[in-house]
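> Predicted model and sequence follow; I will ask about them next.
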Amino acid sequence: MRTSEKSRQSEMQRKVPSVRFCRDMARPPCVLIRAAVLFAVGVLLALLLQAFWPPNVLGLHTTGPLRAGPNTWWLFPVCGVAAAVIGLLCPCIDSRIGGPSLARQEWTMVLRCLAVFVGIIHAGAKIEFGSEERLALTLAVLSLGLWWAYDGSWGGLGVGLGNAGSAVLVAHLLLYNSTMPSPSDLLFARSWLPSTFFAGGVTVGNIGRQLALYDWQGAPVKIHTS
């Protein structure tokens, strides 16, 4: 009996974010507030990415359609919309295939995850790795470590991979539609970009889960175990 009760409590805890998501669907103002917050988070992360945009990757200056500058204004609304979609869908995905434990959804853990994400993009932009393979492997290990430490769910892994794949696809479309894509742009798209957006997807997903635990009236969602 005690085992079955514990399993029931664990199942209810895992479904709390999805319950919050479904209730918010019946209350559009809550969805709009969460979407606005997530959009702002996405824009801020895009600003952060531009601040750490690698000016010199393995000795090659990034040029062409992927260079940071006035022509990359579209990056901010795109990242904002992507963050809103990821943050709103993560609780629903967790209800289907399971999500991270509630201990990983505290604000302290979310802020630590954000700090590690900043460290990853800083390392990828500033540290000289010597080769494309070493850069890609190091960032991939760091990004997977972030997912394992602060998420650990299959849903979070799928969201991160989807975000990384979408970013790489858009980057390659921009490169191959340009007249002469530079070698450094190709290097940037293949090594630095996937791991960065994978870690960003995991980070935004954790923020979205945490926001889903609040009813936007100052009180967190209560878990009923009876």
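Looks like it arrived, so ask away.
> immediately after the worst-scoring helix or strand of the chain on mean pLDDT, which helix or strand?
For the chain, scoring each helix and strand by mean pLDDT, DSSP states H and E identifies strand 60-61 as the least confident one, at a mean of 42. For strand 60-61, the succeeding helix or strand toward the C-terminus, using DSSP states H and E, is helix 75-97.
> Which positions within that following helix qualify as buried?
Within helix 75-97, the residues that qualify as buried are 75-76, 78-80, 82-88, 90-91, 93-95, counting by 16 or more other CB atoms under 10 Å. Every residue, glycine included, has its C-beta placed from N, CA and C.
> can you check stretch 137-156 too?
Buried positions in stretch 137-156, judged by neighbour count with 16+ other CB under 10 Å: 138-140, 142-144, 146-147, 150-151, 153, 155-156.
> okay, among those, which ones form the most distant pair?
The span of these, defined through CB to CB, is set by T138 and G155 at 25.6 Å.
> from memory V37 sits against L211, does it?
Yes. Applying CB atoms under 8 Å, one finds V37 in contact with L211, separated by 6.3 Å.
> residues near W74, how many?
Other residues lying near W74 total 9 when counted by other CB atoms under 10 Å.
> what does Q210 give?
Neighbours around Q210, by other CB under 10 Å: 20.
> pLDDT averaged over the strand or helix carrying it, what's the number?
Following DSSP H and E, one finds Q210 within helix 193-212. Within the predicted structure, the mean pLDDT of helix 193-212 is 91.
> what do you get for stretch 42-51?
In this model, stretch 42-51 has an average pLDDT of 87.
> now stretch 117-137
Mean per-residue pLDDT for stretch 117-137: 81.
> Quote the end-to-end distance of that stretch.
For stretch 117-137, the separation between the terminal residues is 16 Å (CA to CA, to the nearest Å).
> ok, and for that stretch, which residues are buried?
Using 16+ other CB under 10 Å as the test for burial, stretch 117-137 gives F117, I120, I121, G124, A125, F129, E132, L135, A136.
> Tell me the pLDDT of V159.
According to the per-residue confidence, V159 scores 92 in pLDDT.
> surely it meets T203?
No. The pair V159 / T203 is not scored as a contact, 10.3 Å apart, by CB under 8 Å.
> For those two, indicate the residue with more neighbours.
T203 (28 against 25).
> dump the residue contacts of that one.
Contact partners of T203, counting by CB atoms under 8 Å, 6 or more residues apart in numbering, are L45, C113, L114, F117, L146, Y150.
> Could I get the phi/psi values of the nearest residue to it once chain neighbours are set aside?
The shortest distance from T203 to any residue that is not its chain neighbour, by CB to CB, 6 or more residues apart in numbering, is 4.6 Å, and that residue is F117. In this entry, F117 is assigned phi and psi values of phi -60, psi -40 (degrees, to the nearest 10).
> residue contacts, F117?
Contact criterion CB under 8 Å, 6+ apart gives L146, A199, G200, V202, T203 as the residues in contact with F117.
> all helices for this structure, in order.
Along the chain, the stretches classed as helices by DSSP state H are 2-25, 28-51, 75-97, 107-126, 132-150, 154-177, 183-187, 193-212.
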